[in-house]
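Q: Got a predicted structure here, sequence first:
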Amino acid sequence: MNQPPFLVKGDRIAIISTARKISREEINPAIQLFKKWELEVVLGEFLFAEDRQFAGTEEQRAKGLQQFLDDTTIQAIVCARGGYGTVQIIDQLDFTSFKKHPKWIVGYSDVTTLHTHIHENVGVQTIHGAMPINFPKDSSENESTLSLKKALFGNLELYHFDGHPLNISGETAGEIIGGNLSILYSLSGTNSAADMKGKILFMEDLDEYIYHIDRMMMNLRKSDWLSGVSGIIVGGMSDMNDNTVPYGLSAVEIIRQRTEDLGIPLAFNFPAGHLEPNKALYFGRKCQLIVGEEGSILTY
């Protein structure tokens with residue numbers, strides 16, 4: 001995977017939204033924090049556009065992102081928020097210039113579509129990390145933004161994270177790719193789905209019914225998408241819902257049940273996803289994963 005240049009002070013960083021609409025007030029703390037990092041902030045032409053729940057029409061959102069993909073003076077593109085909508089524009093984008101002059105694409109949740117599409121079709125590393133909508137309202141730093149800063153400036157090397165009773169111990173290596181489980185499931189069988197052979201899968205999700213987790217995991221199994229995966233890291237499975245008649249397992253128990261026969265390391269409790277802290281990950285970069293019952297280590 002081609003690595004974009006790490007940022008240095010004075011670089012230009014762009015903010016766009018490929019999904020849900022957003023206001024200037026909501027992103028102002030991020031603008032101020034980026035400026036504290038001595039970065040020049042550039043706002044997308046249609047960033048504050050509105051079309052129903054979206055940040056502008058499909059044409060506007062695609063054009064707004066395309067401008068920054070092609071602009072060689074921009075060193076990173078940060079998605080302002082998730083929601084839904086990136087899949088609507090992904091096939092309208094031309095990554096020709098971006099491939100020749102790569103830059104960091106940052107985001108999580110709905111931005112999973114960009115991560116996996118770029119991984120599979122363009123071969124450029126991206127950053128799964130905090131978005132402006134989640135930055136502290138007083139423009140201060142927290143664990144999420146600090147890890148994003150380290151990732152952007154090239155100082156992200158090692159994570160130690162807590163163990164879990166459902167961990168499957170072992171050691172593996174490979175490129176990390178993945179993101180939001182619901183998005184990964186929705187992209188299955190499309191040109192935006194990543195080939196997982198030899199890869200380490202990261203996944204997280206939010207506000208899903210427990211039985212939906214099993215349905216998605218069954219799809220990924222039956223489609224053989226999980227075949228050849230070298231390891232799995234699970235982040236936040238946040239705010240899950242259940243039916244009046246309980247399903248009987250938690251989200252993490254379902255993931256363990258549907259993957260334990262793969263014979264690969266499985267690590268829960270990675271601090272990323274729809275939670276705080278939401279620590280940054282380099283997608284598409286090779287790393288080493290060591291999983292134990294008491295704790296796990298991820299090294300780039």
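A: Alright, I've got the coordinates.

Q: which ones are touching the residue nearest to residue 294 when sequence neighbours are not counted?
A: Once flanking residues are discounted, residue 294 sits nearest to residue 163: 4.4 Å by Cβ to Cβ, 6 or more residues apart in numbering. Every C-beta, even on glycine, is put in place using the N, C-alpha and C of the backbone. Neighbour list for residue 163: 269, 292, 293, 294, 295, 296 [criterion: Cβ atoms under 8 Å, 6 or more residues apart in numbering].

Q: okay but the last one is in contact with residue 168, surely?
A: Okay, so that is residue 296. No: checked against Cβ atoms under 8 Å, the pair residue 296 and residue 168 is beyond contact range at 10.6 Å.

Q: Those two: who's more crowded?
A: residue 296 (25 against 19; other Cβ atoms under 10 Å).

Q: check contacts around the more buried one.
A: With contacts defined as Cβ under 8 Å, 6+ apart, the neighbours of residue 296 are 160, 161, 162, 163, 167, 233, 267, 269, 270, 289, 290.

Q: And the helix or strand containing the first one, what's buried?
A: Assigned by DSSP states H and E, residue 160 belongs to strand 158-162. Taking 16 or more other Cβ atoms under 10 Å as the neighbour-count basis, strand 158-162 is seen to contain the buried residues 159, 161.

Q: average pLDDT for it?
A: The average pLDDT within strand 158-162 is 97.

Q: Who are the packing partners of that strand?
A: Where contact means 3 or more Cβ pairs under 8 Å, 6 or more residues apart in numbering; DSSP states H and E, strand 158-162 is packed against strand 295-299.

Q: Identify the neighbouring strands of the strand it packs on in the sheet and state each direction.
A: Note on strand 295-299: by DSSP bridges, its sheet partners are strand 158-162 (antiparallel), strand 286-291 (antiparallel).

Q: Off-centre distance for the first one?
A: So that's strand 158-162. 18 Å (Cα atoms, centre = their mean, to the nearest Å).

Q: Partner strands of the helix or strand following it, with direction?
A: Where DSSP H and E defines the elements, the next helix or strand beyond strand 158-162 is strand 170-180. Here strand 170-180 is paired, per DSSP bridges, with strand 200-206 (parallel), strand 286-291 (antiparallel).

Q: Could you export those strands as CSV, including distance to residue 115, mean pLDDT and mean neighbour count?
A: Shown next, in CSV, are the strands paired with strand 170-180 (distance: least, Cβ to Cβ, whole Å; pLDDT from 0 to 100; neighbours: other Cβ atoms under 10 Å):
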stretch, distance to residue 115, mean pLDDT, mean neighbour count
strand 200-206, 10, 98, 25
strand 286-291, 15, 98, 20
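
Q: Quick one: closest of these to residue 65.
A: Set against residue 65 and scored by Cβ to Cβ, those come closest in strand 200-206, at 23.1 Å.

Q: May I have the strand holding residue 160 as CSV, with CA atoms only?
A: Output of strand 158-162 as CSV, limited to C-alpha atoms (Å, rounded to 0.1, in the frame of the first residue of the first chain):
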residue,chain,number,x,y,z
LEU,A,158,2.3,1.0,19.2
TYR,A,159,-0.9,0.2,21.1
HIS,A,160,-1.3,-1.9,24.3
PHE,A,161,-4.9,-2.6,25.0
ASP,A,162,-6.9,-4.5,27.6
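
Q: Cheers, nothing more for now.
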